[in-house]
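K.L.:
task: produce atomic coordinates for the following.
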Amino acid sequence: MSDYKLNFYDGAEYTMQPKYREDSASLSPFIGYQLPSSAFGFPSNPQTANQIDAVSKKISTGTKTVEVSGVNIGGGEGAMGLLDNIPKQHFKEINRLKKLAGVDLTFHGPLVEATGISRQGWDPTQRMQAERQMSSAVERAHDLGNNTIVTFHASNGLPEPETLEYDAKTKKETLKQAWVVDERTGSFQNIGPPQKDFLTGQTLDPYEEVKKRNKEAWDRELQQVSFHAYNGSKQIEGALKQHELPGQKKPELDEKQLLKFYKDFYSPETQNELKKLPPEQVTYLTDKVHDITHGNLYLRDAYSSFRNLYDKAYSAAEKASKSNNQVKSEEAQKSINQLESFRKEIAHKLKGLNDPTNMVELSGEIIKGIDILRSISTPQTLTPLREFAIDKASDTFGNVAIEAYKKFKGDAPIISIENPPAGSGLSRAQDLKEVVEASRKKFVASAKEMGLSKEKAREEAEKLIGVTWDVGHINMIRKHGFGTEQLKKETQIIAPFVKHIHLSDNFGLEHTELPMGMGNVPIKEHEEILKKQFGEKFKQIKQIVETGSWFRNFNNVTPFAETLEAFGSPLYPMKMGSYWNSSRTTGGGYGSGYGTMLPSVNFSTYGAGFSQLPSELGGQAGGGRSRMAGTPNE
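P.N.:
All right, here's what the predicted structure looks like:
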């Protein structure tokens, strides 16, 4: 009896299997992993500022969680266009509606580029603007309730910093190309696929090519400074080597006197003395002064360039010393020690920089300094865009979280960073992991300055900064050759940081959003990994069904029933049948749950005494209102 099927009507099935089976009904997309209906939430309409009405309509579907939308889709008014059109009183009204209906609320913030990177390059003012926009959204989300989860995309418009391809035969991941940024100018460069150097026989991957370019650029800068210092020194030494005045049998000026003469050359006293000398002596002395002047200009230019390079090297070393990479951090600290030692050695000599008698000595110190700069770790003129973007995005998210904590303390909204569609910047699990870790680290540093203990600061950071894991977005790595096993590894990496889940299905090639079970997202594997991570606490994580493609293309209806069917959700609170994946086709309806029920031929054949009843009761009365939902809030 457990496996029988009986067709009452042609084209329809009657199924009463108590087991959760993928083949329990031919039209069922059951994914093999069961969740109750209370686990799912749905987003409000992202195309209207009337979010009270949008939330009310979602509640009328029966969902227990609604994700209020602050996303501006097609609004044409910038990232904050939709959110800024919602009156401030409305979020408090939505909070009252939440309490009245007994539902939970989350919030999807505006799509903002957290790094401050645009098509024109990187601009720190753009990052600050993004931070202010996010802080405004977080502050408003607090009106929805304490510790409201606020989702922001890790990036919005950032190009994919790394293009990785997976070869199923070799089971290896290959870096095909990478973007880099010049931090001084904010401009980008794309380092293409690995190219073979036919002279050396080496094939460098994009990051090895970046390392090579940085080393070559640094060596060129050092060589230029060294060249100027050497030329200046030699010109001054040459000018001081011969100082016999024309017409004299022995030197009249020693080196010290000549340098003093150079120093006072344009003074009235020196000019009067020159008038007393023969013309050939005046010409000789004037040429000496000009030679020393030119040498001095070379040295000053060399010193100015050297100082800039020193600052650049010190700044890069300080930044690298804070790296999570221990080897990189230790090398950077060694460089700092060398730079500090040189600074202390040369500091007292710089006081007499304007004294001409110190010029030759200064050139020697510059050349010595160049040797030190050449020996330390090469500063990165070109920085991998991924590394740069993580640093800037974590500045934004860390600052947004600490500002929210300052205002709301333990009730602050939770910043949940979402992986954008694969192919965008910071879309992989490792990217999100590093963004969250860096954001938390910066939150802790700021919180300690506020007086929090290190332990308390860490506790709040872990509570207030986490991840929204979008299983549909990560599935798009399939277009680069990745499969289910690699998708499982992505979820394993990010699982400890997850606070929120977005559900949608697709085929891994385009950013489509279908209900679960209608594409090839391995949702069963994702869910099992996350449940293993959280145990019973997994039930507390909200799972929002984002199905924009379905909503647009299939009757403009929220796919609540399709979602329950895919997850084999029970019809009743007890953990037993019946289940949505089988009951939707039970009874042999003509459309088996899809399309028009009770076609008009029934009424003409059997009578139409109940045809004016609402459609949910088997009639055909229109009107667009549910007898359960009441009058919509127009």
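K.L.:
report the mean confidence score over stretch 452-466.
P.N.:
For stretch 452-466, mean pLDDT rounds to 96.
K.L.:
ugh, wrong one, stretch 210-223
P.N.:
Stretch 210-223 comes out at a mean pLDDT of 90.
K.L.:
so how far is it off the chain centroid?
P.N.:
29 Å (Cα atoms, centre = their mean, to the nearest Å).
K.L.:
what about N272, how many residues nearby?
P.N.:
N272 has 9 neighbouring residues, counting by other Cβ atoms under 10 Å. Using the backbone N, CA and C atoms, a C-beta is placed for each residue, glycine as well.
K.L.:
A helix includes it, no?
P.N.:
Yes - counting by DSSP: H, G, I helix; E, B strand; the rest coil, N272 is part of a helix.
K.L.:
any idea how far D264 is from it?
P.N.:
11 Å (Cβ to Cβ, to the nearest Å).
K.L.:
equivalent analysis for K99, please.
P.N.:
For K99, the distance to D264 equals 87 Å [Cβ to Cβ].
K.L.:
now do A445
P.N.:
Computed as Cβ to Cβ, the A445 to D264 distance reads 55 Å.
K.L.:
again, but for A429
P.N.:
Distance of A429 to D264, computed by Cβ to Cβ: 71 Å.
K.L.:
with T200 instead?
P.N.:
From T200 over to D264 the distance is 57 Å, taken as Cβ to Cβ.
K.L.:
swap in Q430?
P.N.:
In terms of Cβ to Cβ, Q430 sits 66 Å off from D264.
K.L.:
what about the nearest residue in space to S321 that is not next to it in sequence, helix or strand, and which?
P.N.:
Leaving aside its sequence neighbours, S321 sits nearest to A332 (Cβ to Cβ, 6 or more residues apart in numbering; 4.0 Å). Here A332, judged by DSSP states H and E, is contained in helix 326-350.
K.L.:
now the element after that helix, going C-ward?
P.N.:
helix 359-375.
K.L.:
show me what that following helix is packed against.
P.N.:
On a contact count with 3 or more Cβ pairs under 8 Å, 6 or more residues apart in numbering; DSSP states H and E, helix 359-375 meets helix 206-241, helix 279-321, helix 326-350.
K.L.:
and the first one, what other elements does it pack with?
P.N.:
When you say that, I think you mean helix 206-241. Using 3+ Cβ pairs under 8 Å, 6+ apart, the elements in contact with helix 206-241 are strand 172-182, strand 187-191, helix 255-263, helix 279-321, helix 359-375, strand 382-384.
K.L.:
right, so those: which one is the most enclosed?
P.N.:
strand 382-384 (a mean of 20; mean count of other Cβ atoms under 10 Å).
K.L.:
what lies in contact with it?
P.N.:
Under the criterion Cβ atoms under 8 Å, 6 or more residues apart in numbering, residues 161, 178-183, 189, 207, 210, 213-214, 217 lie in contact with strand 382-384.
K.L.:
R440 and A461 touch, don't they?
P.N.:
Yes - between R440 and A461 there is a contact under Cβ atoms under 8 Å: 3.9 Å.
K.L.:
thinking again about what came up before, more neighbours: K99 and D264, which one.
P.N.:
Applying other Cβ under 10 Å to K99 and D264 shows that D264 carries more neighbours, namely 14 against 9.
K.L.:
and the gap between that one and Q257?
P.N.:
Distance, D264 to Q257, using Cβ to Cβ: 11 Å.
K.L.:
likewise A114?
P.N.:
As defined by Cβ to Cβ, A114 lies at a distance of 65 Å from Q257.
K.L.:
so which helix or strand takes in the residue lying closest to N520 once chain neighbours are set aside?
P.N.:
Of all residues not flanking N520 in the chain, F507 sits nearest, at 5.5 Å (Cβ to Cβ, 6+ apart). Using DSSP H and E, no element contains F507; it sits outside every helix and strand.
K.L.:
what pLDDT does the nearest residue to D291 once chain neighbours are set aside get?
P.N.:
Leaving aside its sequence neighbours, D291 sits nearest to A239 (Cβ to Cβ, 6+ apart; 3.8 Å). Looking at A239, its pLDDT reads 78.
K.L.:
is it true that A239 touches K288?
P.N.:
Yes - between A239 and K288 there is a contact under Cβ under 8 Å: 5.1 Å.
K.L.:
any common contacting residues for the two?
P.N.:
Each of L258 lies in contact with both A239 and K288 under the rule Cβ under 8 Å, 6+ apart.
K.L.:
next, count neighbours for T270.
P.N.:
16.
K.L.:
just K409 next, same as before
P.N.:
By the criterion of other Cβ under 10 Å, K409 has 9 neighbours.
K.L.:
go on, the one 5 residues further on?
P.N.:
A count of neighbours around I414, defined by other Cβ under 10 Å, yields 23.
K.L.:
same check, this time on Q89
P.N.:
Q89 is flanked by 10 other residues according to other Cβ under 10 Å.
K.L.:
what's the next secondary structure element after the helix or strand in which it is found?
P.N.:
Element membership for Q89 (DSSP H and E) is helix 88-101. Using DSSP H and E, the helix or strand that follows helix 88-101 in sequence is strand 104-108.
K.L.:
and the contacts of that next one?
P.N.:
41, 43, 46, 55, 64-71, 94-95, 98, 137, 141, 144-145, 148-151, 413, 500, 542, 544.
K.L.:
now the residue positioned nearest the centre of the chain: phi and psi?
P.N.:
Residue closest to the average C-alpha location in the chain (Cα atoms, centre = their mean): A154, at 3.7 Å. The phi/psi pair for A154 (degrees, to the nearest 10) reads phi -60, psi -30.
K.L.:
got the contact list for it?
P.N.:
Listed by Cβ under 8 Å, 6+ apart, the contact partners of A154 are 114, 393, 417-420, 425-427, 431-432, 435.
K.L.:
now do 10 Å
P.N.:
The contact partners of A154, by Cβ atoms under 10 Å, 6 or more residues apart in numbering, come to 113-115, 389-390, 393, 397, 417-420, 424-428, 431-432, 435-436, 467-468.
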